[in-house]
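A.B. asks: Prediction below, plus the sequence it came from.
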Amino acid sequence: MNIHSYEKIWLVVAILLIVGFISTVTYGATAVGIDMVDDEGGTVNASALDEDPRFSEPRVEQVGDNEYEAYVVAQQYIFKPDPITVPANSTVTFFVTSPDVIHGFEIVGTNANTMVIPGQVAKITVNFNEPGEYGVVCHEYCGSGHHTMEGSVVVQPEDEFSHGGDE
Amino acid sequence: MGSALETGTPSFVDRFPQEASVVKAALTSSFIALFLGAVFGIIQGLHRTEVFRFLDSQFYYTVLTAHGVLMVVSFTIFFLVGIFTWAVVRSLDRPVEDIRYTWAWYGLMVVGTLMAVVAILGGFVPSTELSADVLYTFYAPLQAHPLFYGGLAIFIIGTWLAGADWFRSWYAWKQEHPDERIPLQTFMVLTTMLMWYIATIGIAIAVVGFLLPWSLGLIESVNPLLTRTLFWFWGHPVVYFWLMPAYLLWYTVLPSISGGRLFSDPLARVVFVLFLLLSTPVGIHHQYVDPGIAEGFKLIAMTNTMFLLLPSLLTAFTVVASMEHGARQRGGSGLFGWLRALPWRNPAFTGMALAGLMFAAGGFSGMINAGMNINYLVHNTLWVPGHFHLTVGTAVALTFMAATYWLWPQLTNKPLFSRPIALSQTVVWFVGMALMSNAMHVMGLFGVPRRTAEPQYEGFEFVASFGSITELRMQLALGATLLFISTVLFVVNIALSTGSPTQPGLGQPLPKPLSPAADSPEVLDNLKLWFGIAMVLVVLAYALPLTSIVGDSGIIDRGVSAAPVMIDLLTGLNPVAAVTDTGSRLGVAIWEGML
Amino acid sequence: MRDASPGGILLGSAVLFVILWEIRSALGLLAGVDTPGAAYFVGTVIVVAFVAFGLSVGLFQVSAMILNERRS
């Protein structure tokens, strides 16, 4: 096959670019340690969330030194709890599910972004540093009131934080 | 018709009048869908930016479903079947095997489209149960009326039968030309259709196996993760179904319009084989942040996706090289000076060139989307529509419009109504899309979500690192308006062309490539081999994820109930009432003013 | 004496406008430079109009703007 020399150069450059992209993404996944949302959250019975000890009372719970778990329910058209209150300088693992349709859960302005699928539990671990307030948006169409669906994450100074987070 | 031979090349309609009728019908259906889709598009663009709202926001999702389906199912695929029929007949130089069969699959596609569109438009009339406010992706548990799913299924079956038609033509041609390479355009059509047959396995199972029976009440529930994964099994390769006709035009028509010849036939074949192999085993890159799918499967999808960049990067080289060759044939010289010698006054050329330029930008934003962990920043934000309006919205749509300017006279023996309007149309599209897509990309980075009627929230503000969100909304609305104007210019120009007097000699022959098919290894034409490898790759990419989803949450998930998308009659006006309500208030005000 | 056609000027103006406008996003996102929207827009339009005008009256020659082009 007759391949022009410029085309051979281009082909090599293209492959290097592709390999470069794969490497940077793999680096992010391994060395930097950014995990993707996956099947670790397990499954759940979407029509029996009130029987699940986590989702019957959506809340934030301390599970270790500066380690918390947040049990969040996304449903038409609210997030529970609202607001989700966590302390500064903490690592929070969110467990998010839905009793009805597919929603999105995104902490606006950050890379905390996951789909929420009924029957599945989305598990995502987030590091919170400074105190502040963030909006939470549902970014997957979930019905006629989708655009009203919002929540918030409040990151409180450590000394102010009290357990529960669902006041 | 003797005058055609006297004064110039016979056109496609001169040589194949029956086939030209089918091609014209397909293209006409395509343009009707484009225009309707554009009307819905401008409504959206003005509504979500708060520039002009006349509908209650719940109807935004009806508009959005219509815009999506009309644009990326009807407009693109009707155009594809038209152009592929033309390409096969032209390159094999033979009429279709049975014109009635050809009209039959076209008719099925029309029926399917009408069913789905009626279901969608039913969403504007809340007093009926007919609605399909589920968006183009129709994720369960949101549930549309069965007419919607049935219409989509019939449409897809129509496309399957179309592919069979072209394979039939090729087999018949092969009997008479046993030792010849497959003509390039037919090769492109056949490899695209093989890819389509593989790709549609996912959506066929999702729709016919689950969603349609579920909407009819025949099965009690579905597994939303499973149907979503089956959707995206198809949802990625469908974008190549849109792109490959555009590539066919860039490879086989654009070089000729540029004044030259295709740089390399063998590389063109390689590119299409790569698409056949790699288009489908990547769908999970649309599900990077889905729960229920192991990270390993996402990593495999990421790697396959990155390799899928290769055929597009190769295309960039060949297209530019062919354009340069054409320009130098026309007398251009110098390192960059040849650019000036290109036929910029030809709207068919300029449209395709601008489309290709914009595609480069779209390709780069796609690379970001593909970057698994980077995807966290952009998933489901307005960045994503920013990306795909550059790719399907420009690379594909603008190329289709440009190709129409070149092809339509050959289907009708009538010249284009206005060449200056056509040229302006392509430029307005380019500028409008640049503004709209730029605004979308930037707003996406600031966290603004897609698919949302009112992205203006009460509890928080989006923070812009430069300018302001309001400005970006204005820019989006301006871009959308320019795009709508451009669409009108296109449709009107084509419509008015039917009034032109018939003219002979409008045929445009296509020259042979510089590096011909004979230069390429014959194995490239071994379609069975490539199809086989493609199937293996798909099985490798999808067998484990699908089995594990079914294993974890069942083939159906009884815990998940259907959520039929019915507009809530208690809240908000229906759109017909909204418009007549405004109208009657205006009328009363004028009347009182007059008294 | 100009060497650019009207269609070429239209097209070139459109491409130049898009390039200049995109630079604003690049400045904002990559360099953190905030530019006032209306002013930047007006400025871009002025630059594009000036280039278009210059090309149409022969003030600039397209051939002189392209590297390696021999002036005839």
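C.D. replies: The structure has been received and is ready for your questions. Keep in mind that this is a model prediction, so the values were computed, not measured. Numbering: from 1, shown residues only, chains lettered A, B, ... in the order given.
A.B. asks: Against residue A:154, how distant is residue A:87?
C.D. replies: Residue A:87 sits 10 Å away from residue A:154, going by C-beta to C-beta, to the nearest Å. Any C-beta I mention is one placed from the backbone N, CA and C, and that applies to glycine too.
A.B. asks: nope, residue A:15 is what I was after
C.D. replies: Distance from residue A:15 to residue A:154, by C-beta to C-beta: 48 Å.
A.B. asks: Quick check: chain neighbours aside, which residue is closest to the one residue in the stretch 401-550 of chain B that gets nearest to chain A?
C.D. replies: Per C-beta to the nearest C-beta, residue B:460 is where the stretch 401-550 of chain B lies closest to chain A, at 2.9 Å. Spatially, and ignoring its direct neighbours in sequence, residue B:460 is nearest to residue A:135 (2.9 Å; C-beta to C-beta, 6 or more residues apart in numbering or on different chains).
A.B. asks: Kindly report the same for residue C:47.
C.D. replies: Nearest to residue C:47 is residue C:20, by C-beta to C-beta, 6+ apart, at 6.4 Å.
A.B. asks: Which stretches in chain A count as helices?
C.D. replies: Chain-ordered helices for chain A, with DSSP state H as the definition, fall at A:5-30.
A.B. asks: Okay, domains of it per the record?
C.D. replies: With domains defined by automatic domain parsing, chain A comprises A:1-34, A:39-156.
A.B. asks: Could you look over these and pick the most buried one?
C.D. replies: Using mean count of other C-beta atoms under 10 Å in any protein chain shown, the stretch among the domains of chain A with the largest mean neighbour count is domain A:39-156, at a mean of 21.
A.B. asks: State which one residue of chain B is found closest to chain C.
C.D. replies: Using C-beta to the nearest C-beta, residue B:466 is the residue of chain B that sits closest to chain C, at 2.8 Å.
A.B. asks: Just say helix, strand or coil for that residue.
C.D. replies: What DSSP: H, G, I helix; E, B strand; the rest coil gives for residue B:466 is coil.
A.B. asks: Let me have the domains of chain A in a markdown table, extended by mean pLDDT.
C.D. replies: Listed next are these as a markdown table, based on pLDDT from 0 to 100:
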| stretch | mean pLDDT |
| --- | --- |
| domain A:1-34 | 92 |
| domain A:39-156 | 95 |
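A.B. asks: Go through those domains and name the closest to residue B:188.
C.D. replies: domain A:1-34 (17.8 Å; C-beta to C-beta).
A.B. asks: how far does that closest one sit from the chain's center?
C.D. replies: Distance of domain A:1-34 from the chain centroid (C-alpha atoms, centre = their mean, to the nearest Å) equals 29 Å.
A.B. asks: Stretch B:288-296 too?
C.D. replies: So, by C-alpha atoms, centre = their mean, the centroid of stretch B:288-296 is 27 Å from its chain's centroid.
A.B. asks: any idea of the mean pLDDT for it?
C.D. replies: Mean pLDDT, computed over stretch B:288-296, is 95.
A.B. asks: Mind listing residues that contact it?
C.D. replies: A:29, A:35-39, A:41, A:43, A:113-117, A:119-123, B:225, B:228-229, B:284, B:287, B:298, B:302, B:372, B:375-376, B:379, B:545, B:548-549, B:552-553 (C-beta atoms under 8 Å, 6 or more residues apart in numbering or on different chains).
A.B. asks: hmm, back to that, the residue nearest to residue B:460: what's it in contact with?
C.D. replies: A:107, A:108, A:109, A:150, A:151, A:152, B:457, B:459, B:460, B:461.
A.B. asks: Tell me which stretches of chain A form strands.
C.D. replies: Shown for chain A, the strands assigned by DSSP state E span residues A:59-64, A:67-75, A:78-80, A:84-87, A:90-97, A:103-107, A:113-116, A:122-128, A:132-137, A:150-156.
A.B. asks: starting at the chain centroid, how far to the fifth one?
C.D. replies: Read that as strand A:90-97. On the basis of C-alpha atoms, centre = their mean, strand A:90-97 sits 8 Å off its chain's mean C-alpha point.
A.B. asks: repeat for the second one
C.D. replies: Here strand A:67-75 shows a centroid-to-chain-centroid distance of 10 Å under the convention C-alpha atoms, centre = their mean.
A.B. asks: For chain B, just list every one of the strands.
C.D. replies: Taking DSSP E, the strands of chain B run over residues B:142-143, B:563-564.
A.B. asks: Just send these back as CSV, with distance to chain C too.
C.D. replies: As requested, the strands of chain B are exported to CSV (distance: least, C-beta to the nearest C-beta, whole Å):
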stretch, distance to chain C
strand B:142-143, 34
strand B:563-564, 38
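A.B. asks: lowest-confidence stretch among the ones you listed?
C.D. replies: Looking over the strands of chain B, mean pLDDT reaches its minimum on strand B:563-564, with a mean of 86.
A.B. asks: Over in chain A, which residue gets nearest chain B? Let me know.
C.D. replies: residue A:135 (2.9 Å).
A.B. asks: scratch that, chain C is what I was asking about
C.D. replies: For chain C, C-beta to the nearest C-beta, closest residue to chain B: residue C:28, 2.8 Å.
A.B. asks: Name the nearest residue to that residue, ignoring sequence neighbours.
C.D. replies: Leaving aside its chain neighbours, residue C:28 sits nearest to residue B:466 (2.8 Å; criterion: C-beta to C-beta, 6+ apart).
A.B. asks: Phi first, then psi, for residue B:130.
C.D. replies: phi -80, psi 110 (degrees, to the nearest 10).
A.B. asks: can you list the residues that contact the longest helix seen in chain C?
C.D. replies: If you go by DSSP H, chain C has its longest helix at helix C:6-30. Helix C:6-30 is contacted by residues B:340, B:344-345, B:350, B:357, B:420, B:423-424, B:427, B:430-431, B:434-435, B:438, B:441-442, B:445, B:465-467, C:4, C:33-35, C:40-41, C:44-45, C:47-49, C:51-52, C:55-56, C:62 when judged by C-beta under 8 Å, 6+ apart.
A.B. asks: Can you pick out the ones from those that are in helices?
C.D. replies: Counting by DSSP H, the contacts of helix C:6-30 contribute B:350, B:357, B:420, B:423-424, B:427, B:430-431, B:434-435, B:438, B:441-442, B:445, C:40-41, C:44-45, C:47-49, C:51-52, C:55-56, C:62 to helices.
A.B. asks: residue contacts, the nearest residue to residue B:128 once chain neighbours are set aside?
C.D. replies: Closest residue in space to residue B:128, ignoring its immediate chain neighbours: residue B:122 at 5.4 Å, by C-beta to C-beta, 6+ apart. By C-beta under 8 Å, 6+ apart, the residues touching residue B:122 are B:128, B:129, B:130, B:131, B:132, B:145.
A.B. asks: How about residue B:84?
C.D. replies: Residue B:84 makes contacts with B:162, B:166, B:189, B:192, B:193, B:245, B:248, as judged by C-beta under 8 Å, 6+ apart.
A.B. asks: Relative to residue B:78, how far out is the first one?
C.D. replies: For residue B:162, the distance to residue B:78 (C-beta to C-beta) stands at 10 Å.
A.B. asks: Quickly list what's touching both of the two.
C.D. replies: Residues touching both residue B:162 and residue B:78 by C-beta under 8 Å, 6+ apart: residue B:109.
A.B. asks: For residue B:539, the count of nearby residues, please.
C.D. replies: 12 (other C-beta atoms under 10 Å in any protein chain shown).
A.B. asks: thinking again about what came up before, quick one, which of the contacts of helix C:6-30 are buried?
C.D. replies: Those of these that meet the buried threshold are B:340, B:344, B:350, B:423-424, B:427, B:430-431, B:434-435, B:438, B:441-442, B:445, B:466-467, C:4, C:40-41, C:44, C:48, C:51-52, C:55, C:62, by 16 or more other C-beta atoms under 10 Å in any protein chain shown.
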